[in-house]
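S.K.: Here you go, sequence then predicted model.
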Amino acid sequence: MITLDRLVNVLGGYGVRLCGRPETRSAWLRSVAMPESGDHHVAGDLLLAVGTCSIAEAVRWAVAAKAAAVLVRPDALTEDETADEAADEAADEAADEADVEREAAALGDRHGVAVLLADAAVSWSQLAGMVYGLVLESRETASGRGPTDLFALADSLADVIGGAVTIEDRHSRVLAYSRSQQAGDPARLETILARRVPDRLRELFQQQGVLTRLAATDEPVFVPADPGNGLTGRMAVAVRAGRELLGSVWVTCERPLTGAHRHALADGARTVALHLLRSRASADLERQVESDLVIRLLEGSADAATMISRLGLAPRAMRVIAVRATTPDDRHAALLLAFEAATAGFGWSRPGRSALLGDTLYTILPTERAEVAQRWIMALHAELPLRVRVTAGIGAPAEVAELPAGRQEADECLALHESAEPGAVPPAYDESWDDILLRRLRAAARTGRTPARGPVSTLLRYDARHGTRFAATLRAWLETQGDLALAAERLGVHANTVRNRLRKMSELTPLDLGDARQRLAMTIMLAASEEDPHR
C-alpha cells in the first residue's frame, strides 16, 4: 500500500510525471493490475497500460478496472511510425510532449483517473518491477516506515511465547509491539509511549553487556529483572541480515526461554529481518530519489520548476535549513540518524524535502516564517537521542531559482550557531545578516585583506603597545554618532576623557571625523577588527 504522491515522487526520478488531477496525490494504491493478452477485464487501484494503442484507450481500460490511476508509455504508442514521420516528430518533440500531457490531463479529468506518463527510455519490465515492489511491499506505521504486519508478527510471537513482545530498530526505536499488555511492565509501557528505549534503560543494558552481546551473537540474551527501573525479566534476540544488525526483538519472561519458545523467538527474528529489508529497500529508493532532486536544486538546476514538482512541493517561498548532528564519540552516526528522522514517513506527510551532502543535512522547507523553520529543527532534535548535539542555520525566504543562495545563507547561519552558546536558537539569515556580514569582515581581517595603514590600524597597534583604549573610544564615539556624554557612559569614563582621547588620537594619525565617508570606513574597519563575540 502506498500513496499516489509517494509513487510519483519515486518514479519521478525515472521520468514519470503526473498529468493533471493534483488532488489525487493523496489517494492510496493497494493493488496493481496489468491487462492479460487479449483480456483487458482486470481490476486494481493502479493499471499498467501495457499494449494500449492510445492514451484514450488506456484511460478506458482504467475506468473499466475501477483504477484510481493508470501508467502509460506514450512514446511506445507510435513505435510503428515511418522514418519520415519519426523525423518530423523529433523536430517538434517539445511541442508534442506538451500536447500529449494536455491530452492526458484532459482525459484524466473527464474520466476521474490520474494519468501517469512514463519515459520511453524506461522499459515496462523496469516500471512493473518498481511499481509492484512499491505498491505491494511498502508499508507505513505510526512509528514511520515499516511493514504494518510487524504488529501482526509481534502479536503472533506473543501468543506463542506467552510474553509481551516489542520490536525495535538498531537505534532502540520502537517499530512494533504486541497488543496484549498483561505480560508487560512499566519499562515497556514507557518505551512504547516514547517510541524508543529510555536513556536510563539503554545505559543499564549497556552496563550489563546486553547491547554488546546482541551486536556480537545471534543467540537470545536474557535480561534479569530490575524492579527499581520497572523492569521484569525479558529475553532479547538480534535481528540481523548477514553481519549487519538491523534491530532486535524483546519478549517479557520471568526466566530464560528454552525449547520451542526459544526457537520461536529466533525464527521470529529472522522473519522480522525479511520485513525490515523489504521496507528499507523501498525507503532507501525514495530517499535516494528525494536526495538527488534536492541536491540538484541546491546546486542550481536549470530545470528547477520540474525538480520542485517532482518533489511534490508548490512553487512558493521556501527556506533552506542546514543541520549538523554530532555526538562526542561518532559524528557520522548522529548525522545519519538525523537524516533518517528528517525523511521518516511518506513524502506527502512531511513538510520538507531533505538530502545529505558531505557532513550536512539540508532540508527545503516551504515557509516564509523563520519560527516555523526553528520549530522544525526543534522537532527533529526531539527525535534524536539526548546525547546528540544539533546545530543549524536557516536561509532567508527564497523562490525556487534562489535556493542555491539560500543554501549559502543557511551554511553561514550554521557557522554562527556552531560558535554560539549552547541552547541558542538557530539563526535565520534575514534576522542575522548583520552578524553574517561582520563575520565575513572579520574573516577578511584575519587573512590580511584589510588595509595595514590608516587611522584604525595605527590606533590598534598603538593600543597593543601602550595599553591605551583609543580604538574602543573611537568605536564608542562613532556608534553614538558623536555624542560625547553617551560615548563616555558606554566607556565608563567622563566626557572630558573622551574629548582628550580624541585629541590625542588626532595627534597620532590623521582623523577626519567630519568626513562622512571616512567615518563609514572607520566603522567598517573597527567592526572587522573587533573580536567576534560568538567565537
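M.R.: Perfect, thanks for sending it.
S.K.: Check Ala183 and give its pLDDT.
M.R.: At Ala183, the model reports a pLDDT of 65.
S.K.: make that Pro385, sorry
M.R.: Pro385 is given a pLDDT of 79.
S.K.: can you tell me which helix in this protein is longest?
M.R.: The longest helix of the chain (DSSP state H) is helix 259-298.
S.K.: So which residues of the stretch 101-250 of the chain form helices?
M.R.: Along the stretch 101-250 of the chain, the stretches classed as helices by DSSP state H, counting those that start in this stretch are 124-137, 149-161, 186-194, 199-208, 210-216.
S.K.: Relative to Leu478, which of those helices is closest?
M.R.: With distances scored as C-beta to C-beta, the stretch of the helices of the stretch 101-250 of the chain nearest to Leu478 is helix 199-208 (51.1 Å). C-beta: built from backbone N, CA, C; applies to glycine.
S.K.: just checking, what packs against that closest one?
M.R.: On a contact count with 3 or more C-beta pairs under 8 Å, 6 or more residues apart in numbering; DSSP states H and E, helix 199-208 meets helix 210-216.
S.K.: Averaged pLDDT, the helix it packs on. What do you get?
M.R.: Per-residue pLDDT over helix 210-216 has a mean of 91.
S.K.: got the contact list for Val174?
M.R.: Residues counted as contacts of Val174 (C-beta atoms under 8 Å, 6 or more residues apart in numbering) are 143, 166-168, 191-192, 195-197.
S.K.: Compare the residues you listed and tell me which is most surrounded.
M.R.: When neighbours are counted by other C-beta atoms under 10 Å, Ile167 leads those with 27 neighbours.
S.K.: what's the angle between the longest helix of the chain and helix 149-161?
M.R.: Helix 259-298 and helix 149-161 are oriented at 170 degrees to each other (axes from the mean of the first three to the mean of the last three C-alpha atoms, to 10 degrees).
S.K.: list the buried ones in whatever helix or strand comes next after helix 259-298?
M.R.: Following helix 259-298 in sequence order, the next helix or strand is helix 304-310 (DSSP states H and E). By 16 or more other C-beta atoms under 10 Å, the buried positions in helix 304-310 come out as 304, 307-310.
S.K.: Which strands and helices lie in contact with helix 304-310?
M.R.: In terms of contacts (3+ C-beta pairs under 8 Å, 6+ apart), helix 304-310 is packed against helix 259-298.
S.K.: Show the average pLDDT along the helix it packs on.
M.R.: The pLDDT scores in helix 259-298 average 82.
S.K.: who touches Arg375 in this structure?
M.R.: For Arg375, counting by C-beta under 8 Å, 6+ apart, there are no contacting residues.
S.K.: Moving C-terminal from the helix or strand harbouring it, which element do we reach first?
M.R.: Per DSSP H and E: Arg375 is located in helix 370-382. On the C-terminal side of helix 370-382, the closest following helix or strand by DSSP H and E is strand 389-394.
S.K.: Could I get the CA-only coordinates of the helix or strand just after that next one as CSV?
M.R.: From strand 389-394 onward toward the C-terminus, using DSSP H and E, the following helix or strand is helix 403-418. Provided in CSV are the C-alpha atoms of helix 403-418 (Å, rounded to 0.1, in the frame of the first residue of the first chain):
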residue,chain,number,x,y,z
LEU,A,403,17.7,28.1,-3.5
PRO,A,404,21.4,27.9,-4.2
ALA,A,405,21.8,31.3,-2.5
GLY,A,406,19.5,30.1,0.3
ARG,A,407,21.9,27.2,0.8
GLN,A,408,24.9,29.6,1.2
GLU,A,409,22.9,31.6,3.7
ALA,A,410,22.0,28.5,5.7
ASP,A,411,25.6,27.5,5.8
GLU,A,412,26.7,30.8,7.2
CYS,A,413,24.0,30.8,9.8
LEU,A,414,25.0,27.2,10.7
ALA,A,415,28.6,28.5,11.3
LEU,A,416,27.1,31.2,13.6
HIS,A,417,25.1,28.6,15.6
GLU,A,418,28.1,26.3,16.0
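S.K.: contacts for helix 403-418?
M.R.: Defining contact as C-beta under 8 Å, 6+ apart, one finds that helix 403-418 is touched by 297-300, 304, 318-324, 360, 362, 364, 391-396, 398, 424, 426-429, 432, 435-436, 439, 534.
S.K.: tilt between it and helix 259-298?
M.R.: 120 degrees.
S.K.: buried ones in helix 403-418?
M.R.: Residues of helix 403-418 classed as buried by neighbour count (16+ other C-beta under 10 Å): 403-407, 409-417.
S.K.: so which of those residues comes closest to Ala68?
M.R.: Nearest to Ala68 among those: Leu403, at 32.4 Å, using C-beta to C-beta.
S.K.: Could you find the closest non-adjacent residue to Pro366?
M.R.: What sits nearest to Pro366 in space, not counting adjacent residues and going by C-beta to C-beta, 6 or more residues apart in numbering, is Met318, at 5.1 Å.
S.K.: For that neighbour, give me its contacts.
M.R.: By C-beta under 8 Å, 6+ apart, the residues touching Met318 are 364-367, 397-400, 403, 406.
S.K.: switch to 10 Å and redo it
M.R.: If you count contacts by C-beta atoms under 10 Å, 6 or more residues apart in numbering, Met318 has them with 297, 308, 352-353, 363-368, 373, 395, 397-400, 402-403, 406.
S.K.: go on, Leu313?
M.R.: Taking C-beta under 10 Å, 6+ apart, one finds 293, 297, 307, 347, 351-353, 364-366, 400 in contact with Leu313.
S.K.: Buried ones among the residues you listed?
M.R.: Of the contacts of Leu313, these count as buried by 16+ other C-beta under 10 Å: 293, 297, 307, 347, 352-353, 364-366, 400.
S.K.: now those as JSON lines including distance to Ala216?
M.R.: Listed next are those as JSON lines, based on distance: C-beta to C-beta, whole Å:
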{"residue": "Leu293", "distance to Ala216": "39"}
{"residue": "Leu297", "distance to Ala216": "43"}
{"residue": "Met307", "distance to Ala216": "44"}
{"residue": "Gly347", "distance to Ala216": "37"}
{"residue": "Gly352", "distance to Ala216": "38"}
{"residue": "Arg353", "distance to Ala216": "38"}
{"residue": "Ile364", "distance to Ala216": "41"}
{"residue": "Leu365", "distance to Ala216": "41"}
{"residue": "Pro366", "distance to Ala216": "45"}
{"residue": "Val400", "distance to Ala216": "49"}
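S.K.: from those, which two are the most distant?
M.R.: Farthest-apart pair in these is Gly347 and Val400; separation 17.5 Å (C-beta to C-beta).
S.K.: How many residues are close by the closest residue to Asp185 other than its chain neighbours?
M.R.: Counting by C-beta to C-beta, 6+ apart, Asp185 lies nearest to Thr232, which is 4.4 Å off, once chain neighbours are set aside. For Thr232, the count of nearby residues is 20 (other C-beta under 10 Å).
S.K.: Model confidence for Thr232, exactly?
M.R.: 91.
S.K.: Which of the three states applies to Ala355?
M.R.: Secondary structure, DSSP: H, G, I helix; E, B strand; the rest coil: Ala355 is strand.
S.K.: Let me see the contact set for it.
M.R.: For Ala355, the contact set (C-beta under 10 Å, 6+ apart) comprises 287-288, 290-298, 339, 342-343, 361-364.
S.K.: Can you tell me which of those residues are classed as buried?
M.R.: Members of these classed as buried by 16+ other C-beta under 10 Å are 287, 290-291, 293-298, 339, 342-343, 361-364.
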